[in-house]
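# Generate a structure from the sequence data that follows.
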Amino acid sequence: MPQSLHLGLSGAFSARDVNDEIITPMSRRSQAMLAFLALQPEMRAERTTLADLLWGDRSEDQARASLRQELSVLRRVLPQGVLDTNRICVWLDPAKTTVTTLGPGDLLQGFDLGSEPFEDWLREIRSMHLTTEPAKTKASPLGRGTRPTLAILPFEEIGAPDSDMFADGVVEEITGALSRVREFHVIARQSTFALRGENLDVPTIASRLGANYIVEGSVRRAGERVRITVQLINGDNGQTLWSDRFDDKLDDLFDLQDRITAQVAGQVSPNLRHAEIARARTTPPNDRTAYELLLTAYPHFWSHNREGNARAIEILDEALKRDPDYAPALSLKAWCLAQQPAYMYSRDPEADRETAVIAIDKACESVGDHAPSLTAIGAALSLVTTDLERANFYIDRALDIDPNNAWAWMRRGWAQAFVGQSDDAIACQEMAERLSPLDPFRFNFLLGKASALYHWQADDSAGRENVGKAVMLIKEAIRMNPKAKWAYRMLASACFFAKDQEAARDAGRELLNAYPDITIDYLKRALPPAAFVYELKYFKSLRDAGIPEE
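Numbers count the residues shown, from 1 in each chain. From the prediction side, this is the model:
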């Protein structure tokens, strides 16, 4: 896919289009916003963060209004599809954006915005790019292109006696939870605790431990409340990649430790993955290892459109040329192949379903206890077979290993929705949201809840209320990921059950615009066969929304 936007951040700021033409006009704050987004994991940031960063001298309402206005102007200036937003976040499409940060001159040389929070951020970022030569990343003991190594340092405890062991217990639980994930190596707790009390900076600690990334934090008590602050830090340069704060009540300490562990472990994993994706992009494509190719396939996989899914499969094929038995690539490819018919990308859904089943069986041979791969296999099985028992076996194995895996909860929720277990399905999706509130699959968490809400409701006031909620969730999911045009089939059906015929036909037209050849006959052959216990009313709703029979 051609890159639509190239941002040059070394020296003076520059923004060029696919023809290498400078993009103008662009305000200073627009430039600052683009620079900030380009250097964030997945090129994404929350609206509140941007408002505070760029308009820190204004009231909250004024800052938000200014952000909305700036985004409106920026969308008109940038190439179509590069910048997107929802009510929570703003992001650049990584598949359409390239960024240069190395070269002559300082990062954003001469850039002056007059916003103190932005200037603070810029000083911090510049301190990490003091050399014009590419930084040499400290390799983990296994070398470049393998799983990264993570160390969880002892948390500082504030407001508790020295003899209190609560913070140590939290760190022990987090270390144990992250050790089970298998997406990265975790340094043993005794090694990290051996450095307690030494006044060392993060790069030195990382070097001593052989770690690529560091997790550090603090525990502060105040009355009946406890506040946990956690940061994920690049071990090479000390850059904070992610930070969050968790507030809870001091009740049963063991339950509290479990809650904190779930929240922290659930968010460290995806944020570390985003950091690794950004790092993998700095390696020339021909030099990438199987692991690095897997990482660069993820953003295409998340796109949930035909072109992105096809590109993810191409990249995973390249990974498997380097390592034919690499389980994470085999399992993710199986999931991508299963999406071909399920999301209507296939011209021959029966053949593609058979191809996906072959890929699933191949992945099962080497999956072991790698939770993300087990999740991918379970997801693929639920999309292309009727064997939900086998699909749930793999997903449940993943959750036994890593109960904080948001994607496993998402797919468990979809499987429950397929068989009409609405309450369980919604609970699973809500768990996924709690664990990973900014997940690239969050739109699919919402669609999973919507599916459970509108398919199995009685025709009474409670049922109609749930259908109305489902319509709102689907619309929000489409706003989050407008590329996922397949979701209009859900919107058309939900609007039909909400007795809004006009909205159902509007959604049907959107679906036909995206898939001009779609028919009811095609859908019967393509959609997940395990979900067809409700096929009669589902297909009736789509017929009434304007989808032709053949």
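# Touching the strand or helix carrying residue 296 from outside, list them.
Assigned by DSSP states H and E, residue 296 belongs to helix 290-302. Contacting residues not belonging to helix 290-302 are listed as 42, 94-95, 145-147, 273, 276-277, 280-281, 283, 285, 288, 308-309, 311-312, 315-316, 318-320, 322-323, 326, 328-329, 332, 335-336, 440-441 [C-beta atoms under 8 Å, 6 or more residues apart in numbering]. Using the backbone N, CA and C atoms, a C-beta is placed for each residue, glycine as well.
# What's the PyMOL line that selects buried ones from those residues?
Buried subset of these, written as a PyMOL selection, criterion 16 or more other C-beta atoms under 10 Å:
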select buried, resi 42+94+95+145+146+147+273+276+277+280+281+283+288+308+309+311+312+315+316+318+319+320+323+326+328+329+332+335+336+440+441
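# Show me the contacts of helix 290-302 that map onto strands.
Among those, no member falls in strands (DSSP state E).
# Just the contacts of helix 290-302: which are in helices?
Among the contacts of helix 290-302, DSSP state H puts 273, 276-277, 280-281, 308-309, 311-312, 315-316, 318-320, 322, 328-329, 332, 335-336 in helices.
# Secondary structure element holding the nearest residue in space to residue 428 that is not next to it in sequence?
In this structure, residue 428 finds its nearest non-sequential neighbour in residue 413, 3.2 Å apart by C-beta to C-beta, 6 or more residues apart in numbering. Per DSSP H and E: residue 413 is located in helix 406-418.
# Put the alpha carbons of that helix into PDB.
Provided in PDB are the C-alpha atoms of helix 406-418 (Å, rounded to 0.1, in the frame of the first residue of the first chain):
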ATOM      1  CA  ALA A 406      -8.400  -9.300  26.300                       C
ATOM      2  CA  TRP A 407      -8.500 -11.000  22.900                       C
ATOM      3  CA  ALA A 408      -9.200 -14.400  24.400                       C
ATOM      4  CA  TRP A 409     -12.100 -12.900  26.400                       C
ATOM      5  CA  MET A 410     -13.300 -11.200  23.200                       C
ATOM      6  CA  ARG A 411     -13.400 -14.500  21.200                       C
ATOM      7  CA  ARG A 412     -15.000 -16.300  24.200                       C
ATOM      8  CA  GLY A 413     -17.700 -13.700  24.200                       C
ATOM      9  CA  TRP A 414     -18.400 -14.100  20.400                       C
ATOM     10  CA  ALA A 415     -18.600 -17.900  20.900                       C
ATOM     11  CA  GLN A 416     -21.100 -17.400  23.700                       C
ATOM     12  CA  ALA A 417     -23.200 -15.100  21.500                       C
ATOM     13  CA  PHE A 418     -23.200 -17.600  18.700                       C
END
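# So which helix or strand of this structure has the lowest pLDDT on average?
Of all helical and strand segments in the chain, the minimum by mean pLDDT, DSSP states H and E falls on helix 116-127, at a mean of 74.
# Give me the residues contacting it.
Helix 116-127 is contacted from outside by 32, 36, 39, 52-54, 56-57, 106-108, 111, 113, 239, using C-beta under 8 Å, 6+ apart.
# And that helix, what's buried?
Neighbour counts over helix 116-127 (16+ other C-beta under 10 Å) mark 117, 118, 119, 121, 122, 125 as buried.
# for stretch 423-437, the distance to its chain's centre please.
Between the centre of stretch 423-437 and the centre of its chain there are 15 Å (C-alpha atoms, centre = their mean, to the nearest Å).
# which residues does the residue minimising distance to the centre of the chain contact?
In the chain, the centroid-proximal residue (C-alpha atoms, centre = their mean) is residue 440; its distance is 2.9 Å. Neighbour list for residue 440: 42, 299, 302 [criterion: C-beta under 8 Å, 6+ apart].
# Spatially nearest residue to the first one (excluding sequence neighbours)?
Residue nearest to residue 42 in three dimensions, not counting chain neighbours: residue 274, with 4.9 Å by C-beta to C-beta, 6+ apart.
# Who are the contact partners of that neighbour?
Counting by C-beta under 8 Å, 6+ apart, residue 274 makes contact with 41, 42, 241.
# can you redo these as TSV with pLDDT and distance to residue 192?
Formatted as TSV, the contacts of residue 274 follow (pLDDT from 0 to 100; distance: C-beta to C-beta, whole Å):
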residue	pLDDT	distance to residue 192
41	73	24
42	75	28
241	85	18
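# could those residues go into JSON lines alongside distance to residue 514?
Formatted as JSON lines, the contacts of residue 274 follow (distance: C-beta to C-beta, whole Å):
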{"residue": "41", "distance to residue 514": "29"}
{"residue": "42", "distance to residue 514": "24"}
{"residue": "241", "distance to residue 514": "36"}
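# count of residues packed around residue 34?
If you count neighbours by other C-beta atoms under 10 Å, residue 34 ends up with 25.
# Next: the one 10 residues further on.
Residue crowding around residue 44 was assessed by other C-beta under 10 Å; the count is 17.
# what bridges to it?
Taking DSSP bridges, one finds residue 91 as the beta-bridge partners of residue 44.
# what's it in contact with, if anything?
By C-beta under 8 Å, 6+ apart, residue 44 lies in contact with 37, 89, 90, 91, 92, 438.
# Then residue 416?
422, 424, 425, 428, 452.
# hmm, back to that, how near is the residue nearest to residue 428 to residue 108?
Taking C-beta to C-beta, to the nearest Å as the measure, residue 413 falls 43 Å from residue 108.
# neighbour-wise, which of the two wins?
Neighbours per residue (other C-beta under 10 Å) separate residue 413 from residue 108, with residue 413 holding more: 27 against 22.
# hang on, that one packs against residue 422?
No - using C-beta atoms under 8 Å, residue 413 makes no contact with residue 422, being 10.2 Å away.
# what touches both of those two?
residue 452.
# which stretches of this protein form strands?
With DSSP E, the ranges of strands along the chain come out as 5-8, 14-17, 44-46, 83-85, 89-92, 97-100, 149-152, 156-158, 185-186, 213-222, 225-234, 240-249.
# Return the distance of the last one from the chain's centre.
Between the centre of strand 240-249 and the centre of its chain there are 18 Å (C-alpha atoms, centre = their mean).
# ok, residues contacting that strand?
Residues from elsewhere that reach strand 240-249, judged by C-beta under 8 Å, 6+ apart: 41, 213, 224-234, 256, 259-260, 263-264, 267-268, 271-272, 274-275.
# Then the fourth one?
Contacting residues not belonging to strand 83-85 are listed as 47, 71, 74, 75, 90, 91, 92, 93, 482 [C-beta under 8 Å, 6+ apart].
# Please determine how far residue 272 is located from residue 224.
33 Å.
# between those two, which one's more packed in?
When residue 272 and residue 224 are compared for neighbours, residue 272 comes out ahead with 23 against 8, by other C-beta under 10 Å.
# who's in contact with that one?
For residue 272, the contacting residues are 148, 150, 183, 184, 213, 232, 241, by C-beta under 8 Å, 6+ apart.
# 6 Å instead?
residue 213 (C-beta atoms under 6 Å, 6 or more residues apart in numbering).
# likewise residue 29?
Going by C-beta under 6 Å, 6+ apart, residue 29 touches 54, 70.
# try 10 Å
50, 53-55, 66-67, 69-70, 73-74, 113-115, 118 (C-beta atoms under 10 Å, 6 or more residues apart in numbering).
# Please indicate which of those are buried?
Buried among the contacts of residue 29 (16+ other C-beta under 10 Å): 50, 53, 54, 55, 66, 67, 70, 74, 113, 115, 118.
# which among those gets closest to residue 395?
Closest approach to residue 395 among the buried ones among the contacts of residue 29 (C-beta to C-beta): residue 50, at 35.8 Å.
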